[in-house]
Each structure stands twice: as structure tokens, then as C-alpha cells.
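below are the sequence and a predicted model for it; my questions follow.
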Amino acid sequence: MRYDEQAPRCPLLPAVVELWQRLGHTVLDLPVDADGARVEDLGGGVDVVSLTPAHQFPLGGALSPRRRGLVCDWAARTGGYIVEDDYDGEFRFDRRPVAALQRSAPDRVIYAGSVSKTLSPDLRIGWLVLPDELVAPTAHAVATLTGGVPLLNQLALADFIASGDYERHVRAQRREYARRRLLLRNALHAHGLTVPGIPAGLHAVIEPAATVAPSGTRVAVHTLGRYSRTHPVPDALVVGFATPARKDVDAAVAALMSTLAPPS
């Protein structure tokens, strides 16, 4: 069995589901295929759809132009909102990053971004671009629940951006992560395995033929099943390549390859 990008799956980040449920919402799953979330399956009674158009986690596809148009039409027709999580939007390696969905429907899209991957999650800095009617209630909720982000961190980031150093930093990261993905892809190809999805992001999916063999190497991976609540998925692996220091990347890839069984 080989990994089939066209087969519908419903993978998602468990923490996102938990957040919506804690707020009292019922969460439904949209199937995902090579063209991204199947937004044409949105039914009646749905108020909000949460998407990662730039790079879907964990399957690694992007929302197709046709589906981008369909979901904007759905929001305009129903009055629903689109939460656009700009997941890996900075790290597209084969072309310039695609425009944010928010540009197509600014009155219906809630755009969410952060510096978690470009700088550090420890900074706890993120942002929302909101439809006008949501600005005041969102600002009130943030102030009530979090007390806001430390001002010094915000000012330092603003200076980093204004100086151009932030953009130079992201470009350097993009080159490094592209190199790491290519290194991993070439190693997997030599092993008879493929990497599905677009060239982007900080992780790769390894097809189900690659089973992890018991060994003494310090390799930690997640299976694709960890990210699916309601639909069966192949026993593929989800592997991140951003964590190792630059000098350790080659050794980390070699350690991973030593645990993989070749496809039958």
C-alpha cells in the first residue's frame, strides 16, 4: 500500500479541537485531500470553519484556488466566518508564498499568525486581522483573559521588523529548512520512500510502508493516526526536521533512516 494523496482523510491538530470544545462549540471534521480541506462539504448550521490554507498540517497540501473561492462564497452566502491559521505561510520553498485568504474576504476571514516558528513560541506573540465588527469584542476578551502581551516584547519585534532584520532572518530560515527538507526527501527516496505534499513547512509525512523498527536510537515520531478523530488513516509517520541544531541535522536524518523498514 502506498500513500495516496487523493484519499479523503480528516487530520487536524488535537489542541485546536479541544479549544473550540472548551468554548462550548460542536466540532465537525472536514475531509482533506491533495487540494486541501473539502470545503464543498460544508453543511447548513456551520458558523465557523477553521483552515490552514497555506500548508495543511499534517498532510502537507495547500488549499486549491477553486476551494479558496468556494469557501469565501460559503462565508458570504451564510454569514459564517473563516478562521485562517497561517500555518507555515512563511516557509514555502518552491515558489513565493500564496496570498492570504483574508485578502479575498476581509469581512469574513479571521486571520491568525504568530512568531512561534520564525522566532520562538516562548515569546507568546501572535496577532489577529479581524473583520471590523469583531475588533472591539476580541480586544475586550484578550484583555480580560490574558492581560495582554508584554509591551517590551512587542516594541522589540516592531523594531526588528522595521529594520528589515526580521525579513532577512526569515529568508535565512527558509533556505535552511528547504535544505533540511531536501536532505530528508533524498534520504527517503534512496530508501524507496516518497514525501507527499508541497515543498513547505517544518515536517514531512512518511508513507505507511515505513514502519519504525525497535532500536536503541533516540528517535521520536508521531503516527498520522494521532491527528485524526473520526476517520481511519494509513499508519504513516509525521516527522519534524526543525528541532536539531544545524550541525546535528545529518546525524538526525541518519538515525531516523536506521529505524525505518524499506517498503515491501
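It's in.

for stretch 24-43, measure first residue to last.
Start-to-end span of stretch 24-43 (Cα to Cα, to the nearest Å) is 19 Å.

list the buried residues of that stretch.
Judged by neighbour count using 16 or more other Cβ atoms under 10 Å, the buried positions of stretch 24-43 are 29-30, 32-37, 39, 42. Where C-beta positions appear, they are placed from N, C-alpha and C, glycine not excepted.

all strands for the protein, in order.
With strands called from DSSP state E, the chain shows them at 32-33, 36-37, 48-51, 81-85, 109-114, 126-129, 203-206, 222-223, 237-240.

let's have those strands in JSON lines, adding distance to residue 180 and mean pLDDT.
Formatted as JSON lines, those follow (distance: least, Cβ to Cβ, whole Å; pLDDT from 0 to 100):
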{"stretch": "strand 32-33", "distance to residue 180": "24", "mean pLDDT": "88"}
{"stretch": "strand 36-37", "distance to residue 180": "24", "mean pLDDT": "90"}
{"stretch": "strand 48-51", "distance to residue 180": "26", "mean pLDDT": "93"}
{"stretch": "strand 81-85", "distance to residue 180": "23", "mean pLDDT": "95"}
{"stretch": "strand 109-114", "distance to residue 180": "21", "mean pLDDT": "95"}
{"stretch": "strand 126-129", "distance to residue 180": "25", "mean pLDDT": "92"}
{"stretch": "strand 203-206", "distance to residue 180": "10", "mean pLDDT": "89"}
{"stretch": "strand 222-223", "distance to residue 180": "18", "mean pLDDT": "82"}
{"stretch": "strand 237-240", "distance to residue 180": "10", "mean pLDDT": "89"}
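
and of the ones you listed, who's closest to residue 58?
strand 237-240 (4.7 Å; Cβ to Cβ).

which outside residues touch that closest one?
58, 184, 202-206, 210, 212, 221-224, 226-227, 256 (Cβ atoms under 8 Å, 6 or more residues apart in numbering).

re earlier: can you say which of the strands of the chain is packed in most?
strand 36-37 (a mean of 24; mean count of other Cβ atoms under 10 Å).

ok, back up a step: and the contacts of strand 237-240, which is closest to residue 122?
residue 202 (16.7 Å).

how near is residue 256 to residue 13?
Shown here: residue 256 relative to residue 13, a distance of 22 Å by Cβ to Cβ, to the nearest Å.

between the two, which one's more packed in?
Applying other Cβ atoms under 10 Å to residue 256 and residue 13 shows that residue 256 carries more neighbours, namely 23 against 16.

for the more buried one, give me the pLDDT.
For residue 256, the pLDDT comes out at 88.

same check, this time on residue 185
94.

for it, which non-adjacent residue is closest in space?
In space, and not counting its chain neighbours, residue 185 is closest to residue 195: 4.7 Å by Cβ to Cβ, 6 or more residues apart in numbering.

wait, doesn't the one you found sit right on residue 183?
No: Residue 195 is beyond contact range of residue 183, at 11.2 Å (criterion: Cβ atoms under 8 Å).
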